[in-house]
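Trainee: Coordinates for the following, if possible.
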Amino acid sequence: MPYLQPERPEKVSAPSLRASKKRGERLVCLTAYDYPTARLVDEAGIDIVLVGDSLGNVVLGYGNTVPVTLDEIMIHLKAVRRAVQRALLVADMPYGSFHTGADDAVRNALRLVKEGGAEAVKLEGGRKRLPLIKRLVDEEIAVMGHIGLTPQSINKLGAYRVQGKTAAAARELLDDALALEEAGAFAIVLEVVPREIAKLITESVSIPTIGIGAGVHCDIQVLVLHDMLGLSFGKLARFVRPYANLNQTITDAVSRYADDVRNGSYPSAAESYALPAEAAEELNLPTPVKDSNIKQS
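Mentor: The predicted structure is shown next:
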């Protein structure tokens, strides 16, 4: 079935994503971690905004996502919630927030929904997460699954590598996807898996797949905003297409500002405020030069 342009509903929801898949629409997901970027992303028509634990890498300066805490996610989630109107807002459950029992996991997920304003939560893992996903869904919490490369497992994996490269591993991923759908997940992230396997999974489940480094056949594509805008440091993954180089733009702007300050050209008279003539006269100061271009306030 050929992909169609989405009709752009007023508000994206978890159920509407399944309907979009049935219509053959391609949807778009991006991360956001603060009010201004979240507002820009939402107003640009992005369908899903993810407050991901990738904030650890691109905002907080951690080496990976493992140190990110629930409280850190909450701070950024609340800021993003104030900006997002149309997109579905999803929050990552960070490492450690769902590992100490179902009750703790439900409690933490409820915080993300009730306090943070998330409309869904995402957690990593396949079939081993099924009881937890079922419990969350039973508690009326929309759950997005995440299989393939799971960054929170970096200490176990040892490195970020393509997953599902053997027939046996591919079957495991397919079984995970089918089980996540059965458990009630409304969508599944497929991270860094061969495009052929992503296509097989996408065609085998009725819920949308969200690809990151998984090829063109997924129903939805996601990237980390900072990566695509050139605001990350270090080597980019091969699946990241840079759409801007804000790193250089910001560096140039800051350098020009610093130069202007050091050579005395900033601030100019038009960028500062003059003392009213009456006050200058009373203080025996030179009468300010009137400049029609200077706004007084």
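Trainee: Show me which parts of the lowest-mean-pLDDT helix or strand in the chain are buried, residue by residue.
Mentor: Least confident helix or strand, the chain: helix 154-157 with a mean of 79, by mean pLDDT, DSSP states H and E. Using 16 or more other CB atoms under 10 Å as the test for burial, helix 154-157 gives Ile154. Quick note: C-beta positions are derived from backbone N, CA and C, even for glycine.
Trainee: what does stretch 280-290 give?
Mentor: For stretch 280-290, by 16+ other CB under 10 Å, it's Pro288.
Trainee: what is the rounded mean pLDDT of it?
Mentor: Averaged across stretch 280-290, the pLDDT comes to 84.
Trainee: Apart from its chain neighbours, what residue comes closest to Leu174?
Mentor: Ile201 (5.7 Å; CB to CB, 6 or more residues apart in numbering).
Trainee: Dump the C-alpha coordinates for the strand or helix carrying that neighbour into PDB.
Mentor: Applying DSSP states H and E as the criterion places Ile201 in helix 195-204. Provided in PDB are the C-alpha atoms of helix 195-204 (Å, rounded to 0.1, in the frame of the first residue of the first chain):
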ATOM      1  CA  ARG A 195      15.900  -2.500   7.500                       C
ATOM      2  CA  GLU A 196      14.700  -5.900   6.300                       C
ATOM      3  CA  ILE A 197      13.800  -7.000   9.800                       C
ATOM      4  CA  ALA A 198      12.100  -3.600  10.500                       C
ATOM      5  CA  LYS A 199      10.000  -4.200   7.400                       C
ATOM      6  CA  LEU A 200       9.100  -7.700   8.500                       C
ATOM      7  CA  ILE A 201       8.100  -6.500  11.900                       C
ATOM      8  CA  THR A 202       6.200  -3.500  10.600                       C
ATOM      9  CA  GLU A 203       4.200  -5.700   8.300                       C
ATOM     10  CA  SER A 204       3.500  -8.300  11.100                       C
END
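Trainee: Can you tell me what sits against it?
Mentor: Here helix 195-204 makes contact (CB atoms under 8 Å, 6 or more residues apart in numbering) with 164, 170, 173-174, 177-178, 188, 190, 209, 211, 214-219.
Trainee: buried residues in it?
Mentor: So for helix 195-204, counting by 16+ other CB under 10 Å, buried means Ile197, Ala198, Lys199, Leu200, Ile201, Thr202.
Trainee: Relative to the whole chain's centre, how far out is the least confident helix or strand of the chain?
Mentor: 22 Å (CA atoms, centre = their mean, to the nearest Å).
Trainee: Please enumerate the strands of the stretch 151-297 of the chain.
Mentor: 187-191, 209-212, 220-223 (DSSP state E, counting those that start in this stretch).
Trainee: Span of stretch 90-110 from start to end?
Mentor: End-to-end distance for stretch 90-110: 13 Å, by CA to CA, to the nearest Å.
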